[in-house]
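Student: I would like to see how this sequence folds:
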Amino acid sequence: MTPKPLLHRDDPEAAPLVGNIKVTRDDWLNIGLDVLIRDGEERVKVLALAEAMGVSRSSFYWYFKSRQDLLDALLTRWEETNTAGLIAQAAVPAERITGAVLNIFRCIANPALFNTALDFAVRDWARRSDAVLARMRDGDAARVAALTEMFARYGCGEREAVTRAKVLYYMQLGYDMAEPEESHDYRLEMTPEYLKVFTGQAPTAGELAEFSDYSRQFWQDLSR
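Tutor: All right, here's what the predicted structure looks like:
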């Protein structure tokens, strides 16, 4: 009996590809990311991925030279999603620093901007690979630098800007790792207090309303 394919392409709602239908490079990357997040990099195997998609593994070599080539591409996708996403959000214009930090909070709400599960998978991978650890540290440094620049734009001195950047960044990583059982409404209720801690200022009603509307598109319920 042929195993049910796990392939979902770029659209999770799309019908999976089966049989001898040619798959794309993104198909291999997508299912590789699924396995990396769910099972870790050691389970990212060419034959297993091909069987999960219901295709021949020969198509793999149209797009990748080796398994290591695929693993490198997964790391690049992580950088293009998470590191680039956070850096881009840090550069989005805002009238006040509270609005700028709420732009960062959009990364928490929208997995297209920042995939938390992928970040944790890469951090776990880095414990077993010096090369991955080096790329992870480069990513952390780039993210903190972007946040530091963000705080500096709103009048923070050099030491204050980097301190606030690190508090915001590392607190959020630890918060997500702890996986507190909190509803979306509770997090929204606490958001003004977090902003006071991170920025020293209270947000405006308009800023909170805009973020609430945005986040509700993605957070149906944050209880875990």
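Student: Only C-alpha atoms from now on, for both contacts and neighbour counts.
Tutor: OK.
Student: Could you check the longest helix anywhere in the chain and say which residues are buried?
Tutor: Ranked by number of residues, the top helix in the chain under DSSP state H is helix 130-153. Buried residues in helix 130-153, defined by neighbour count with 16 or more other Cα atoms under 10 Å: 132-133, 135-136, 139-140, 142-152.
Student: which residues are contacting it?
Tutor: Under the contact criterion Cα atoms under 8 Å, 6 or more residues apart in numbering, helix 130-153 has outside partners 75, 79, 83, 86-87, 90-91, 97, 100, 122-123, 125-127, 158, 161-166, 169.
Student: Please produce a ChimeraX select command covering the buried subset of the residues you listed.
Tutor: The buried residues among the contacts of helix 130-153 can be selected in ChimeraX (16+ other Cα under 10 Å) with this line:
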select :75,79,83,86,87,90,91,97,100,122,123,125,126,161,162,163,164,165,166,169
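Student: What's the local residue count around residue 210?
Tutor: Look at residue 210: counted by other Cα atoms under 10 Å, it has 12 neighbours.
Student: packing partners for the worst-scoring helix or strand of the chain on mean pLDDT?
Tutor: Ranking every helix and strand in the chain by mean pLDDT, DSSP states H and E puts helix 60-63 at the bottom, with a mean of 88. Packing partners of helix 60-63 (3 or more Cα pairs under 8 Å, 6 or more residues apart in numbering; DSSP states H and E): helix 25-39.
Student: Would you mind writing the CA trace of the least confident helix or strand of the chain as PDB?
Tutor: Coordinates of the C-alpha atoms in helix 60-63 are reproduced here as PDB (Å, rounded to 0.1, in the frame of the first residue of the first chain):
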ATOM      1  CA  PHE A  60      15.800  15.100  -5.700                       C
ATOM      2  CA  TYR A  61      19.000  15.300  -7.700                       C
ATOM      3  CA  TRP A  62      17.500  17.700 -10.200                       C
ATOM      4  CA  TYR A  63      17.600  20.300  -7.500                       C
END
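Student: Touching that helix from outside, list them.
Tutor: Outside helix 60-63, the residues that touch it by Cα under 8 Å, 6+ apart are 25, 28, 46, 50.
Student: dump the residue contacts of the second one.
Tutor: By that I understand residue 28. By Cα under 8 Å, 6+ apart, the residues touching residue 28 are 49, 60.
Student: average pLDDT across the longest helix of the chain?
Tutor: Taken as a whole, helix 130-153 has an average pLDDT of 98.
Student: Pretty sure residue 212 sits against residue 189.
Tutor: No - Residue 212 is beyond contact range of residue 189, at 10.0 Å (criterion: Cα atoms under 8 Å).
Student: So which of these two has more stuff around it?
Tutor: When residue 212 and residue 189 are compared for neighbours, residue 212 comes out ahead with 19 against 13, by other Cα under 10 Å.
Student: elements contacting the helix or strand where that one lies?
Tutor: According to DSSP states H and E, residue 212 maps onto helix 205-215. Using 3+ Cα pairs under 8 Å, 6+ apart, the elements in contact with helix 205-215 are helix 97-109.
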